[in-house]
Every structure is written in structure tokens, then in C-alpha cells.
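1. With the sequence up front, the predicted model follows.
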There are 2 protein chains.
Amino acid sequence: MIDFVIAIDAMGGDYGPVVTVPACLDVIKRHKNLRLVLVGDEYLIRSQMQIYHCAGNERLIVQHASQRVDMDEQPAKALRAKRDSSMRIAINMVKEGRANACVSAGNTGALMAIARFVLRTLPGVDRPAIVFPMPTYDENKFVHVLDLGANVDSTAENLYQFAIMGTVLSAGVDNVKSPKVGLLNIGAEDIKGNEQVKRTAQLLSESKHINYYGYVEGDDIFTGIVDVVVCDGFVGNVALKCMEGISKLIGFYTKRAFTKNFYGLLVSLIGAPILKKLKKQLDPGRSNGASLLGLQGTVIKSHGNADRKSYANAIEVAILQAEKNVSQRIGEEVAKILQGEKYSG
Amino acid sequence: MIDFVIAIDAMGGDYGPVVTVPACLDVIKRHKNLRLVLVGDEYLIRSQMQIYHCAGNERLIVQHASQRVDMDEQPAKALRAKRDSSMRIAINMVKEGRANACVSAGNTGALMAIARFVLRTLPGVDRPAIVFPMPTYDENKFVHVLDLGANVDSTAENLYQFAIMGTVLSAGVDNVKSPKVGLLNIGAEDIKGNEQVKRTAQLLSESKHINYYGYVEGDDIFTGIVDVVVCDGFVGNVALKCMEGISKLIGFYTKRAFTKNFYGLLVSLIGAPILKKLKKQLDPGRSNGASLLGLQGTVIKSHGNADRKSYANAIEVAILQAEKNVSQRIGEEVAKILQGEKYSG
């Protein structure tokens, strides 16, 4: 029995169907109650399905789309001129109730613009935000950081709305009771920060819907001292990319240390189970899949350069959110809080 | 023979003389032509010197200061009310030519305010910036990133000046010919970024003094694709702290993997030389010591929570800059370029 349908923008990302098709195959093997709709160039998708011997699979459906959004395309142009793109049709399926969620590794700006146009934001939410769970010292605890690049030049009011959305997400998905919200700043002292941050701090500390912790710095994210971290999309995106960049760099030096000479190779052979486990634990792909929060529907953004395993993980995030009915629950609660505040002045 | 004198704000940082005194002792052992002046509470400093049996060392001088700047003190207040603080006196020594440089692990905001007031900015420079060399895949190559937190809400003109300073630093210290300058943004495409970034990009691409590479993202910093990365202090500080936070987190998981059980311990024993070398290579303390660039004098900022080894490294940065006469060289070139541009309109 099919409980969930996820629409896949099969053309999105740096590799398109070469990655999305095998990733979909991996995922449906793990979930018997799932159907995936691969949206994109039918010929290219079916070619890949032939390679993986899954052309006849009843839970892998192909939905043809004649266009694709390029990775460097202007969002406004993609919105206007690519109405038959794989990205647009995948999002349309969510709008029309034909899919519980959609996943794309395509152009972030275009995805945001199209999702916002087609699905609309939740009542009371002015701008959607990109949110991603960051790792902490407790491997079972993640910190939801938003916004990670959907918006630049956010106002204090935007950041306040992100805090509300993050709070509801943390409570609803991670079952955190009264999630602590930190505001990203460059010093724990009140003396620092720019005007936007100072105004946001005031809004957050005055709200009865937010358990405001105070300012946090970049390194505090990973300590798990708060459950939600709020920041402007420019800052959040740089932080995310820096985190990825330095992780790769450390991985590079670690690998080199163990493969540089015979002794290193010997140790890496003996220590293989530990190194393998460690690599898995620190694998960025393990947690691929960011959510576009604040929309009337579930949209998951995968990294553009995701590989098969990593893309499969983004689909898993979409399934989890569909199962937990995250979008609707957040929608109801956020709307209640934000609209209530608007009406009460 | 004494070639260089460095003034040390012995009271600065989370630990004060407990860290600064032994670090100074380590450094003077390595440099026979160096004198260090420990500025601060004479009693506390001499007590530490007794512990380390260096009270009679002629190259470790104590200069009494009756005040100290607290780590959470308002910069304006520190500037006004702490004229006999260890931080102020150490900076005064640079101004008066009694020291070639000074080092402080104290309150960054106060250090910036006092240094700016006492030393003044270079002609043509409106605001100083904090710069720090970030690691890359080539262990001999570092990327100078600025600003890392001296300023928030920088204008495009400020960022342009940072680019000039970074260029001269990279050319003068690292001997890079025509250093490539990247502008930190949230996407490589022209479609992204906020207004300040767009205006800066225009200034940089039009300048004949800058080898402008274009936009770079957070993860590009560590690839070494450019020599200098320019950004607002808010974004730069978050990026730096995130880098430190995730490095510590990876270190934590790595250590745990090797100490969790008997097998892990065995492997870590066999692999000890490799792990030790790797730890050293990835040690953040190894590269402690950020420069306050754009002042008429050399001021090095150490991490507040630096330990002995790490603080010693910040002093080494000061020595290197004094030896290479960085401040004056940068001053001359920056002034030439920026003043030239101002006069030419």
C-alpha cells in the first residue's frame, strides 16, 4: 500500500538523472509504502532506469518535463520562462496534492522563487527560510539553524518569524519541550552586533512564544547549548559553507596522514573499522537535505553536487517530514502565533 | 644584542599572567635578540615569574599598570576610564617607539578602540580590520581573510580598503606576486548577494591596484583559489568561529573513536606518531595571533582563551611582523594607493 508520494526533480543538481535515478532506487527499496515520481526528460530518466534494471518498477514513476532550470539561471527568468521545467512540475505536484513533498538539487534561488510562487508562504510568514540540522557533541542532538541562504538583508521582523518557525520545528520534529533560541552574533556581550541584530534581540526577548536564550557565536552552534539558531541568510550561508569547507580540509589532512607512507597505511589497515565508522559519523552527505520552511507544502533542497548516497538522504528527509506531517503542523502553529500577534497589534 | 622589543598585555585574556608569563618565557628562549615587556599588575606578574624561575631574566621586563580592561567592558568606557590599564600602556609603548609591536588577548572591542585612538589609522584608511591567515590544502599556503570582527555594517568603501590592505599584506609577507582577491558571497553567480557586496564587487573590479578574482563562497576560502578574501566583520567573525567550532567537534569525535574501547586504544597506540602529527597540523593554537591591520603600528590579538603554547604563537606573529617591518611597509604602500586615488578623485 502506498502511503507517501514524493516528487523528485530528476534533472536538478550537477549530475541530474545519473545521480537521482539510482538514489531513488535505493530509497524505495527501504520504504515499501513509498512511491517516487521522477520528473524530467523522459528519455534520459528511462535510460538511467535501464542501466539500473528498474524500468518496470511500479513504485518508480516517470513524469515527463520538457525543460530544466539551469544551475546559474536567474530565478525570475526560471519562474517566468520555465513553466514546464522538472522543478516547476515537481512543485506543482505538491500544490495539487499529488505528492506529499518534493526534492530538488537544483538552483537554490530558482527553487525558492518557484516554490514561493506556486505554494505561497504560510499565513503570517513574509519570507521562507532554509533550515538545516547542524551536528553537536551529542550525536543524537541537532541544532536547527536558519536562514541558510534563502534571503539576504533580512529585517528584524523576518528574523523573528524564523525564530517562531524554528521553535515549532524543533518542538514538532525533535520533540524538544520549549526549544531554546539563540541569535547569532559576533560576541556574547551586549556591546557588539549590528543594528538588525540588536532590534531582533529585542523582539525575541519580548515574545511570549519564544524561549530566548540570548546571543550565540559561531562556535556555540555546535555545542548544542541552544536548539535553534537564527541568523540572516547571508551569514548563515557563509557559516554553512565554511563548516563544509573546513570539514573537507580536515578530511584531506587525515587521509593524507594515513596514506603517506607504509607505516601510515599499516595503521590505517589495523584501524580500518574505527576510521570507517568515524568517516561515516563525520560524513556531510549523511545529513544532506535542507528544508524550505514557511511554505504551504514540503520542499527539500539537496546539495547541487550530492552523490547517490547523499541525494538518497535528502529524499529520506522529505519522507520523514511527510510522515510527521511537518509542513501542516508548522503551518497551523506558526499561523496561530503570528496571526494572533498581528491581530492583537 | 636586542633587535626587537614586544610589549605584552600580561593581564589580557581569560587567564592573565598564568598564561602570559610562561608563554613569554618560552618565546625568549627561542629568540636571543628579543626583549619582552610584561605590562600589568607587578605583584601578579612577578609571582608567576617566581614560579617559573625567571624573575631575574634581563630580557623579561615588568612594567607596572594599575588597571586592567575586563573582557566584557564597554570599549568606550575602557578607552575613557582605563588610561593606566595594561592594554593601554602596551599600546602606548608602540606609539612611543619603545616597542616594535604589542600583543593582547584582551577584549577585542576595547583593543580596537584603544589602538585606534592611540596609534591612529594609516592615512587613507577609515577603519582598521582584523586579519588572520586561514589554512588551505597546501600546508605552506595561507589565505588572508579580513575583516574578522573589527567592524560591523562595513560600507563598500571600507571593504575596498580592506582589499587593498590584504593585497599589500599578501604581497609583502607571503611574497605573492599580484595576489588574487576574492569577495565573500553566498553564490558564485552574479544573481546573488546583498547590495553592499554588489557595490564592492564593482569597486574591486574597477581598481587597477587589485587583482580581483570575483565572488568566492565560504568553502572556497580553504581551497586556496585566492590569496585574500574580503568580507564584513560580522560575516567574517561568524565564519572564523564556525571554523573553530566544527574543528573542535571533529577533534572530539576523532578522539572518542580512538578511546572508546580497548581496540580503539590499541590502534591509537600503534598510530600515535601519525595521530600526534595530525593533531599538531590541525591544532588551531598553532596559528593563534590575528593582526589589527590599518593602524600606524603593529598590534596582534590573541584568542582570549589561548593557552601557553597558543599565546606564545601570537607573540611569534608579532615578532615576524616586526622583523619584516610589515606595519610600516603596508602603511607606505596603502597610503600611496589610497591617497593617490583620493587626490585623483
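-> Cool, the structure landed. Residues are numbered from 1 along each chain as shown, chains lettered A, B, ... in the order given.
2. And the helices in chain A, which stretches?
-> A:17-30, A:42-51, A:75-81, A:86-95, A:108-119, A:156-173, A:195-206, A:233-259, A:262-270, A:272-282, A:308-323, A:326-343 (DSSP state H).
3. which one of these lies closest to residue B:214?
-> helix A:233-259 (15.7 Å; CB to CB). Where C-beta positions appear, they are placed from N, C-alpha and C, glycine not excepted.
4. Packing partners of that closest one?
-> On a contact count with 3 or more CB pairs under 8 Å, 6 or more residues apart in numbering or on different chains; DSSP states H and E, helix A:233-259 meets strand A:129-135, strand A:142-146, strand A:180-184, helix A:262-270, helix A:272-282, helix B:233-259, helix B:272-282.
5. where does the residue most central in space within chain A land on pLDDT?
-> Centroid check for chain A by CA atoms, centre = their mean gives residue A:290 as the closest residue, at 0.4 Å. Residue A:290 carries a pLDDT score of 92 in this model.
6. ok now do the closest residue to it other than its chain neighbours, which residues does it touch?
-> Of all residues not flanking residue A:290 in the chain, residue A:132 sits nearest, at 4.2 Å (CB to CB, 6 or more residues apart in numbering or on different chains). By CB atoms under 8 Å, 6 or more residues apart in numbering or on different chains, the residues touching residue A:132 are A:144-146, A:148, A:240, A:287, A:289-291.
7. any chance of the helices of chain A in TSV, plus mean neighbour count?
-> Formatted as TSV, the helices of chain A follow (neighbours: other CB atoms under 10 Å in any protein chain shown):
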stretch	mean neighbour count
helix A:17-30	22
helix A:42-51	16
helix A:75-81	17
helix A:86-95	25
helix A:108-119	23
helix A:156-173	24
helix A:195-206	17
helix A:233-259	22
helix A:262-270	14
helix A:272-282	15
helix A:308-323	22
helix A:326-343	17
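8. Could you dump these into a markdown table and include mean pLDDT and distance to residue B:305?
-> Putting those into a markdown table (pLDDT from 0 to 100; distance: least, CB to CB, whole Å) gives the following:
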| stretch | mean pLDDT | distance to residue B:305 |
| --- | --- | --- |
| helix A:17-30 | 96 | 43 |
| helix A:42-51 | 96 | 52 |
| helix A:75-81 | 92 | 43 |
| helix A:86-95 | 98 | 46 |
| helix A:108-119 | 93 | 36 |
| helix A:156-173 | 91 | 29 |
| helix A:195-206 | 92 | 23 |
| helix A:233-259 | 84 | 19 |
| helix A:262-270 | 69 | 32 |
| helix A:272-282 | 68 | 24 |
| helix A:308-323 | 92 | 35 |
| helix A:326-343 | 74 | 38 |
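9. nearest to residue A:60, of the ones you listed?
-> Ranking those by proximity to residue A:60 (CB to CB) places helix A:17-30 first, at 6.1 Å.
10. surely residue A:7 meets residue A:101?
-> Yes - in this structure residue A:7 lies within contact range of residue A:101 using CB atoms under 8 Å: 7.4 Å.
11. Any chance you could list residues touching both of these two?
-> Counting by CB under 8 Å, 6+ apart, the contacts common to residue A:7 and residue A:101 are residue A:94.
12. For residue A:238, see how far away residue A:251 is.
-> Relative to residue A:238, residue A:251 is positioned 20 Å away (CB to CB, to the nearest Å).
13. Could you do residue A:18 as well?
-> Distance from residue A:18 to residue A:238, by CB to CB: 30 Å.
14. ditto for residue A:84
-> Residue A:84 is 35 Å from residue A:238, where distance means CB to CB.
15. swap in residue A:11?
-> Separation of residue A:11 from residue A:238 (CB to CB): 28 Å.
16. before we move on, what about residue A:294?
-> Distance of residue A:294 to residue A:238, given as CB to CB: 21 Å.
17. Need the residues that contact stretch A:307-326.
-> Around stretch A:307-326, the neighbours that count as contacts under CB under 8 Å, 6+ apart are A:4, A:6, A:8, A:13, A:15, A:19-20, A:22-24, A:26-27, A:31, A:34, A:36, A:100-103, A:105, A:169, A:172-173, A:284-289, A:291, A:298, A:300-303, A:306, A:327.
18. Show me what from the stretch 1-150 of chain A comes close to chain B.
-> Residues of the stretch 1-150 of chain A lying close to chain B (CB under 8 Å from any CB of the partner chain) are A:72, A:74-75, A:108-109, A:135-137, A:139, A:149.
19. who wins for neighbours among those?
-> Counting neighbours by other CB atoms under 10 Å in any protein chain shown, residue A:149 leads the residues of the stretch 1-150 of chain A next to chain B with 28 neighbours.
20. residues contacting that one?
-> Residue A:149 touches A:108, A:130, A:233-234, A:236-237, A:240, B:186-187, counting by CB under 8 Å, 6+ apart.
21. again with residue A:25
-> Neighbours of residue A:25 in contact, by CB under 8 Å, 6+ apart: A:52, A:54, A:57, A:60.
22. 7 Å instead, please
-> A:52, A:54, A:60 (CB atoms under 7 Å, 6 or more residues apart in numbering or on different chains).
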